[in-house]
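>>> Pasting a predicted model and its sequence here:
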Amino acid sequence: VLALGDSGVAKAPPKNVAAIVTEYRHNSHADVIVGRLLQTYTLDDKGERPNLKLVSLYLDQVPENDTGKKWSEKYGVPIHKTIRGALTLGGDKLSVDGVLLVAEHGDYPKNAFGSQAFPKRRFFEETQKIFRESGRTVPVFVDKHLSDNWADAKWCFDVSHELGFPLLAGSSLPLLWRHPAADVRKDAKLKEILVTTYHSPDAYGFHALEVLQCLAERRATGETGVRRVQCLSGKEVWEAGHKGLFDPKLLDAAINRAKHHSSQLGKLPLEQLVKKPFLFHIEYRDGLKANVINLENAVWEWCAAWQETGEDSIQSTLFKTQENRPFGHFTFLVQGIEKTFHSGRPAWPAERTLLTTGMLDALLRSKAQGGKPIETPHLAIPYKSEWSWEKPPPPPKERPWNKQ
């Protein structure tokens, strides 16, 4: 039976979803993604509800501040001891319409290059094993990057193609509010892009690469892939600007969009404000040059600036998150998941996140080798994206981050 939506048009029944997560605690990614299936988009049972029904949950770790058990009891969602149990609902065959793999946060080691080694390969392996045994597949969402390393990421991507199921992955950053509401012109001939970031090279560096890639993929050539990368640290970052590795005018344009920054920004040089800078330098196969620069202690936001070939003007915007409950930008991520699970087509290309995952892996290897340039023939990943950013509605009313 089809229910009627607000417009009076028949609404498809909700898709039954299994969530496989590393840990579920207040403000974890499981809380702000999976929690929206339980507690509405505003995480308080008062907002709109996605057309998805959480029917099973698997917790890989249960810390002292776990909230997964509390919410599963309140909303009647069984917690299974195994991934198999969550996907089969305790039976012997796949019994859900979609799978959320949320492997972000938890007590896991770092790999040799400084990236948190979340068990994404294990989660994906056990999921695809159930698919094969059951003789059918369903859409899968992987939160943030596909893996902490290229080999596992490529394996996950290839398995999705082999078995033919829709794969959605990535960050919420491409979907954010933008101030001003700007985007790279479709089919523009891009010369250079620069993105600011902060915090850690792996977790937040990935977000910045997703910002970069959602802009870059709109250029006239479509995506061509990446030829080489390099990660510079310390004073070499500022020297790179003097040598033309990045355009200081783009950096200025990006910084000028920031709203959350040091009170000393503009009064003291960046070299004094930013204690541990690093620069991700990316050379695309078609000649596009891109940079991600970490400005921790000076700017705590993701800002982007870009310039088209033959143009003097520079475009720029701030990618704005909501940093208190209910962290409204995650609503847009869940809406993308809902669209994918109902249509059977990824809301945006998985190739984007395969590429950003591969870039991060190579950049962290460059960083570990003292800034050595890394050739990336494996990142010759061409694709055309039909996805376009749409200006979101205003953010919901905020609540303190430490309250429900």
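Perfect, thanks for sending it. Numbers count the residues shown, from 1 in each chain.
>>> How about the secondary structure of Leu212?
Three states are possible here, and by DSSP: H, G, I helix; E, B strand; the rest coil the one that applies to Leu212 is helix.
>>> Wait, it touches His281, no?
No - taking Cβ atoms under 8 Å as the contact criterion, Leu212 and His281 are not neighbours in contact, 11.5 Å apart. Quick note: C-beta positions are derived from backbone N, CA and C, even for glycine.
>>> Who has more neighbours out of these two?
Using other Cβ atoms under 10 Å as the criterion, Leu212 and His281 rank with Leu212 on top: 26 against 22.
>>> Quick check: that one vs Asn291, distance?
Per Cβ to Cβ, to the nearest Å, Leu212 is found 9 Å from Asn291.
>>> Quick check: neighbours shared by these two?
Ile193, Val195, Ile282 (Cβ atoms under 8 Å, 6 or more residues apart in numbering).
>>> name the helices or strands packed onto the helix or strand harbouring the first one?
Following DSSP states H and E, the helix or strand that holds Ile193 is strand 190-197. On a contact count with 3 or more Cβ pairs under 8 Å, 6 or more residues apart in numbering; DSSP states H and E, strand 190-197 meets helix 203-216, helix 248-255, strand 289-294, strand 302-308.
>>> Looking at these, which is nearest to Arg345?
Put simply, out of these the one that sits nearest Arg345 is helix 203-216, at 17.9 Å, with distance taken as Cβ to Cβ.
>>> Quick check: which element contains the spatially closest residue to Leu215 that is not a sequence neighbour?
Nearest non-adjacent residue to Leu215, counting by Cβ to Cβ, 6 or more residues apart in numbering: Val184, 4.7 Å away. Here Val184 sits in a region with no helix or strand, counting by DSSP H and E.
>>> For Val184, which residues are in contact?
Residues near Val184 by Cβ under 8 Å, 6+ apart: Leu190, Leu215, Ala216, Arg218, Arg219, Trp306, Gln315.
>>> Likewise for Leu168?
With contacts defined as Cβ under 8 Å, 6+ apart, Leu168 is in contact with Pro139, Val140, Phe141, Val142, Gly336, Ile337, Thr340, Pro346, Ala347, Trp348, Ala350.
>>> Which two of these have the greatest separation?
Of all pairs in these, the most separated under Cβ to Cβ is Val140 and Trp348 at 14.3 Å.
>>> neighbour-wise, which of those two wins?
Val140 (29 against 22).
>>> Please name the bridge partners of the more buried one.
Going by DSSP bridges, Val140 is paired in beta bridges with Val99, Leu167.
>>> Next one: it from Ala19, what distance?
According to Cβ to Cβ, Val140 stands 12 Å off from Ala19.
>>> Now for these two: what residues contact both?
A shared contact of Val140 and Ala19, defined by Cβ under 8 Å, 6+ apart, is any residue touching both; here these are Val99.
>>> mind listing the helices in the stretch 301-404 of the chain by residue range?
If you assign secondary structure with DSSP state H, counting those that start in this stretch, the helices in the stretch 301-404 of the chain sit at 329-343, 350-368.
>>> Work out the gap between the longest one and the centre of the chain.
Average the C-alpha atoms of helix 350-368, do the same for its chain, and the two points are 13 Å apart (Cα atoms, centre = their mean, to the nearest Å).
>>> and it with helix 203-216, angle?
An angle of 130 degrees separates the directions of helix 350-368 and helix 203-216 when computed by axes from the mean of the first three to the mean of the last three Cα atoms, to 10 degrees.
>>> repeat for the shortest one
Between the axis of helix 329-343 and that of helix 203-216 there is an angle of 60 degrees, by the same axes, to 10 degrees.
>>> Low-confidence stretches in this protein?
1-9 (pLDDT under 70).
>>> So what are the structural domains in it, by residue number?
By the assignment in automatic domain parsing, the chain contains the domains 3-170, 175-320.
>>> Which phi and psi values does the residue nearest the centre of the chain adopt?
By Cα atoms, centre = their mean, the mean C-alpha position of the chain lies nearest to Ser171, the distance being 1.3 Å. As for Ser171, its main-chain torsions (degrees, to the nearest 10) stand at phi -90, psi 160.
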